[in-house]
Structures are given as C-alpha cells and as structure tokens.
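# The sequence and its predicted three-dimensional model are supplied below.
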Amino acid sequence: MKTLTVIVPTYNVEKYLNQCLNSFVVPEIMGELEVLIINDGSTDSSPQIGQKYVNNYPQTFRMITKENGGHGSTINKGIEEAAGKYFKVVDGDDWVLAEGLKSLMALLKSIEADLVLNNYYWVNDSTGRKSKEVDQICPGIKYGQEVSFNSISDKIFFKMHAITYRTEILRKIPEKIDEHCYYVDMEYMTFPLPYINSVAAIPDYVYMYRIGQPTQSVSIENMRKRCAQHEKVLGHLLQYFEACRNEECRYCMAGIVGRVVTSQYKIYLSFGLDHKRKLIRMEKDLRNKYPEIYGVVKNPAILIMRKSSYCLYGLISRLVNYKHGGS
C-alpha cells in the first residue's frame, strides 16, 4: 500500500500539466506516493504529456483513460482505483510545493486520522502573484497531532485544496459524486463528514491553486451558464444535510452548504430581475425547511436585501454585476 494517492483530473490542460505533474517528482517520497492521472477524454496533448511521466516514473505515476464524465467522475474513478492509505485531489492546472508535500507525507505516515488539513495559496494566472485565502485553515489546532473532529469542526475552513481524506472513509460513503456536472467539489468536501472522527493538520502550504483563468467554473459568466448544474449540486447537498442526524456534523455541514447557498444567491442576482422570483422562492424554502443553513448565510448584501423585504433586489443585482463584470 502507498501512503498517499493523489488523483490529477485531466481534461485539456496541456498548457499546465507539465508543471502539475513535475511538482510530484520529489525523489525522497516517490516510493510512497501514487499519482493517478485520470484522463477525462482529453482531445489535446494532455494524455501524451501524462504518459511521459508514466514512462519515466512507473513506480509513482499511472494513467487512467476514460470517457468524458466531468470532475466528479474522475474523483469517483480515483476512489475506486486508489492504492494509497490517504487520498488527495490536485487538479491538472494546479500544482504542489515540494517541501509542503514532504511535510504532509511525513505526517500521513505517522497517524491514522480520517481527515488531514494543509494550507494553500491562490496564484494569479496572469501575474504569478500568490496570496492566502485564510491565514490558518483551522485556528487553534495542535499541528501534527490527532484531535477529535467534534472538538474543532466549527473552526475548519473547508476547501478542496486543503483536505486529504483517509481512502477507507471515502469508500464507506454510499453516495456517488455527481457526474457530468460542475461544482461537485462541495459534494466531495461534504459527503465524508458523517464518517469523520479524527483530524490532524500541518501548517505548511502544500497546494497552489491557480486563479484568474477565464475558463474557471467560478467566474460569474460561467456560473450563469451552469446555473442548473449549481442548483442540482445544492439540491443534492440539502438532501444530504436533511438526512444527517449527527448534530455536530450538521453544524459543520451547514457552514459548507451555506457557502453554496451564497453562491446561488450571487448567480440569481447576476441575472437581474429575471430571477427575483426564483431567489425569493429559495429564501422561503431555506427559511422553512433548513433554518440552520438559512441562519449561517451572513453575506452583507444578502442580509440587507432580506431586511428590505427584497425591495433592494435591483440595486444589489447591479452591484453584483458591477463587481464581477457581468452584464
């Protein structure tokens, strides 16, 4: 068994894939590392780039080619194929830092925690400037030690770039991540939560998350195009939240789902008055069925809109479009 399996979802990322895969060529740890390059039906030279690493480092890299099924399908396939005790996702247009990866591997070899956390940087694709989204991924946690999930669940800032799960936990989950769909990273973060008992963390920065690309799914233009997919993921998460009976887990889960709800507000507002009814209908549904999630939404613009009984919807919609460059 390998210590860590990293899956690299790969779809037409020839511009970035060399940088991603080369970041795993760290001789001190490669014997205990498995990198699964999951080619999701690429039509560019990504498969050829990946195959070079398989040929040069067969003890570490393996190529899996499948029909295009989206990000969720690559994660589902990776969970099936993983040989590592732990499991991490690094997208093909991102990369890792060698020293951080070595620190993560050292910790993974010495613990049995269900969830392991690391810090990460945002990196602007145009300028190369790196920045922090948060200073600490879990304020107050004792680095390098296993602690109970319940003791710090309300302090974790859940982001896909920051998490490594024990593979066995992922294989316990009966739900599959949605395929042929964007925004499923929120499902990947949420579905394991009822099965998590222990957590560990390192202070090191491991993941380099590339931002500022026009093709990114989180740009307002693309979120508008994929509004139905975002609604689908949100619906799936709300159902999962409703079925969860663990109160500590529900509290943590509400925070994650609340972020998805906030993004759904942003999408509806970006459409202008055309989606006002949809937004109000979602508001009522959340308030009546999911008051915990309704309550964790703290975005100032949304709170002002609520207090105005939606009279300020038009103004806030224009502000959202101005901020995000929408029409």
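Arrived safely, thanks for sending.
# could you point out where this protein is predicted with low confidence?
Confidence mapping of the chain against pLDDT under 70 gives the ranges 214-218, 324-327.
# Pop the domain breakdown of it in here.
For the chain, automatic domain parsing gives the domain ranges 2-211, 220-324.
# Out of these, which one sits most buried?
The densest packing among these, expressed as mean neighbour count by mean count of other CB atoms under 10 Å, is seen in domain 2-211 with a mean of 19. No exception for glycine: its C-beta is placed from N, CA and C like everyone else's.
# could you pull out the strands for the stretch 51-200 of the chain?
Counting by DSSP state E, counting those that start in this stretch, residue ranges of the strands within the stretch 51-200 of the chain are 61-66, 84-89, 95-96, 115-124, 130-131, 147-148, 163-166, 198-211.
# What's the end-to-end length of stretch 119-130?
One end of stretch 119-130 sits 13 Å from the other (CA to CA, to the nearest Å).
# How about the contacts made by the residue most central in space within the chain?
Taking CA atoms, centre = their mean, the centroid of the chain lies closest to residue 160, which sits 3.0 Å from it. Counting by CB atoms under 8 Å, 6 or more residues apart in numbering, residue 160 makes contact with 89, 185, 188-189.
# And the helices in the stretch 1-150 of the chain?
Defined through DSSP state H, counting those that start in this stretch, the helices belonging to the stretch 1-150 of the chain, from first to last, are 17-22, 46-56, 71-81, 98-110, 149-152.
# which other helices and strands contact the longest one?
Secondary-structure packing of helix 98-110 (3 or more CB pairs under 8 Å, 6 or more residues apart in numbering; DSSP states H and E): strand 2-10, strand 115-124, strand 198-211.
# Which among those is found nearest to residue 298?
strand 115-124 (21.8 Å; CB to CB).
# quick one: strands adjacent to the closest one?
When sheet partners are counted by DSSP bridges, strand 115-124 sits next to strand 130-131 (antiparallel), strand 163-166 (antiparallel), strand 198-211 (parallel).
# so how far is that strand from its chain's centroid?
Taking the mean of its C-alpha atoms, strand 115-124 sits 11 Å from the chain's own mean (CA atoms, centre = their mean, to the nearest Å).
# now stretch 247-259
15 Å.
# what do you get for stretch 103-119?
18 Å.
# for the residue lying closest to residue 24 once chain neighbours are set aside, what are its contacts?
Using CB to CB, 6 or more residues apart in numbering and skipping residues adjacent in sequence, the residue nearest residue 24 is residue 35, 5.1 Å away. With contacts defined as CB under 8 Å, 6+ apart, residue 35 is in contact with 5-8, 21, 24, 53, 60-62.
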